[in-house]
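>>> Sequence plus the predicted model coming up.
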Amino acid sequence: MRVAAVAALMLVFALPAPAAPPPRQASLMLAGTAPLVVTGKGFGSREPVLLTYSNADLARRVVGVRAKRDGTFRARFELRLDRCAAFTVRAAGVRGSRAVLQVEPGCEQKRGGPPKRAPAIPPEPPSA
């Protein structure tokens with residue numbers, strides 16, 4: 001009887017443990033800039049999430065939302081941004097979900113038109 005019990009215990013410990021589901025990857029997407037709207041997915045069901053907007057001018061805005069049952073949300077910041085504005089939005093859920101949206105549009109050349117070429121330097125006249 002003891003041998004059977006020991007064999008059963010050895011079998012239980014020899015079997016691999018069931019794999020834990022992979023952690024969800026939270027993410028953010030830009031939905032609009034006038035006003036600034038960000039959508040999130042992959043957060044915990046009904047997880048409270050704090051979103052922080054920041055830019056190069058050190059401006060900051062904070063918005064709190066609660067994710068839906070499926071882990072998605074839509075957050076609106078009372079900001080109207082130029083389409084060429086560079087900024088970062090960070091999301092932190094109370095259960096550990098984290099995501100970052102970094103927007104760095106390449107508008108510098110478009111604002112002033114095409115890049116200007118340096119004027120050509122005329123050749124020096126021959127010395128006599």
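Received the coordinates, thanks.

>>> going forward, measure contacts and count neighbours with C-alpha atoms only.
Noted.

>>> What segments of this structure are helices?
For the chain, applying DSSP state H gives helices covering 2-14, 108-111.

>>> ok, of those helices, where does mean pLDDT dip lowest?
Note on the helices of the chain: helix 108-111 shows the lowest mean pLDDT, a mean of 50.

>>> any idea how far residue 96 is from residue 82?
32 Å (C-alpha to C-alpha, to the nearest Å).

>>> can you check residue 50 too?
From residue 50 to residue 82 the distance is 24 Å (C-alpha to C-alpha).

>>> Between those two, point out the one with more neighbours.
residue 50 (17 against 10; other C-alpha atoms under 10 Å).

>>> need the contact list for the residue nearest to the more buried one when sequence neighbours are not counted.
Excluding the flanking residues, the one nearest residue 50 by C-alpha to C-alpha, 6 or more residues apart in numbering is residue 64, at 4.5 Å. If you count contacts by C-alpha atoms under 8 Å, 6 or more residues apart in numbering, residue 64 has them with 48-51, 75.
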